[in-house]
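**Student:** Build me a model from this:
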Amino acid sequence: MTTAGFIGLGNIGRPMALRLADLPGGLVVYDVDTAATAPLADSGAAVAGSITELAAKADIVCVMVRDDDQVREVIEELLAAGRQDQVVAVHSTVHPDTAVELATRAERHGVAVLDAPVSGGAMGAADGRLAILLGGADQAVARARPILERLGEVIVHFGPAGAGTKAKLARNLLHFVAFTAVTEAERLAESAGVDLEALGRVVRHTDGLTGGPGAIMLRSTTMPMVDDDPLRPIFEHVRELGEKDLRLAIELGDTLGVPTPLAKQAIERLAAGLGLAGDP
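**Tutor:** Purely as a prediction, here's the structure:
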């Protein structure tokens, strides 16, 4: 039976690890903050006194630490333990070059490192509904998958080392650009006398129905659409509605004296972004 290890028991790591606490092969955990291991110990996990001790016991190791430097430190300690034929899934979001560098270095030690960043936050972690974006060798992905399936609802293998991280960065670009757009919309709404908390409830509800920005992520390319593309009527409709509503929002902002630079960029770029560049 496979024994899992989990290193890094913070806000997302802890609920992820708890999903593995009843693994038939057992779970062993480690964190520099020993207090963070208590909920795992209470749930039946073994607590390692060091990364070296964890490495000796775990076949599949999940890592959820803060940044590139901490990930490097963890991987170095795992490799120094001398364990062969181990798979390490790095759930931290790091630089794509770091993911490739670590995978290449680990391979020389007989260890497979997957970049496996997650999306879905602490709530998704607690419910086992994370999206896990994978980069790495097919065989290592196959070995790790039974563990990952306890952690995530959507598991996508994007390609070789670094591919999962690149996909995560693209996903987070969307996330935080959207957050910036939210702040612009809130300033506009507040100046117009709109209840921001009520508006937030509307946005969360309707995005849950429509899929939010992800609703238009249906194509396999960003090249301009051909005339007979079956999605073209849908995207033309999106453009028509989007440009109309953006124009009205910009006019409202101008009336209220509220800058709307993102809206103005959006109305200029929406058609090209949809693949309708050059259309009237």
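**Student:** From what I see, G10 and M64 are in contact.
**Tutor:** Yes: using Cβ atoms under 8 Å, G10 is in contact with M64, at 6.8 Å. The C-beta positions use only the backbone N, C-alpha and C, and glycine is treated the same way.
**Student:** For these two, work out which one has more neighbours and name it.
**Tutor:** Higher neighbour count among G10 and M64: M64, with 27 against 15, using other Cβ atoms under 10 Å.
**Student:** Pull the contacting residues for the more buried one.
**Tutor:** By Cβ atoms under 8 Å, 6 or more residues apart in numbering, M64 lies in contact with 6-10, 12-13, 16, 91-92.
**Student:** repeat that for 10 Å
**Tutor:** Taking Cβ atoms under 10 Å, 6 or more residues apart in numbering, we find M64 in contact with 6-14, 16-17, 31, 70-71, 74, 89-92, 116-118, 125.
**Student:** before we move on, back to that, anything in contact with each of G10 and M64?
**Tutor:** With Cβ under 10 Å, 6+ apart as the test, G10 and M64 both reach 16, 31.
**Student:** now, which of the contacts of M64 lie within strands?
**Tutor:** Within the contacts of M64, residues falling in strands by DSSP state E are 6-7, 89-90, 118.
**Student:** who wins for most neighbours among those residues?
**Tutor:** The most neighbours of any of the ones in strands among the contacts of M64, using other Cβ under 10 Å, belong to F6, which has 33 neighbours.
**Student:** just checking, that one touches A58?
**Tutor:** Yes: using Cβ atoms under 10 Å, F6 makes contact with A58 at a distance of 8.4 Å.
**Student:** Find residues that contact each of those two.
**Tutor:** Between them, F6 and A58 share the contacting residues 27-30, 48, judged by Cβ under 10 Å, 6+ apart.
**Student:** What is the nearest of the residues you listed to L134?
**Tutor:** Taking Cβ to Cβ as the measure, L27 is the one of the shared contacts of F6 and A58 closest to L134, at 20.7 Å.
**Student:** Number of residues surrounding the closest one?
**Tutor:** Applying other Cβ under 10 Å, we find 25 residues neighbouring L27.
**Student:** That one against A21, yeah?
**Tutor:** Yes: counting by Cβ under 10 Å, A21 is a contact partner of L27 at 5.6 Å.
**Student:** okay, and the common contacts of these two?
**Tutor:** 4, 6, 40, 43-45.
**Student:** Filter those residues down to the buried ones and hand me the PyMOL line.
**Tutor:** Listed next is the PyMOL selection for buried residues among the shared contacts of L27 and A21, using 16 or more other Cβ atoms under 10 Å:
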select buried, resi 4+6+40+45
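**Student:** The shared contacts of L27 and A21 into CSV, with extra columns for pLDDT?
**Tutor:** Below are the shared contacts of L27 and A21 laid out as CSV (pLDDT from 0 to 100):
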residue, pLDDT
A4, 98
F6, 98
L40, 98
S43, 97
G44, 97
A45, 98
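**Student:** Tell me which entries of the shared contacts of L27 and A21 lie within strands.
**Tutor:** Those of the shared contacts of L27 and A21 lying in strands (DSSP E): 4, 6.
**Student:** quick one, helices of the stretch 1-150 of the chain?
**Tutor:** Using DSSP state H, counting those that start in this stretch, the helices of the stretch 1-150 of the chain run over residues 13-18, 38-42, 51-57, 68-80, 96-107, 121-127, 138-151.
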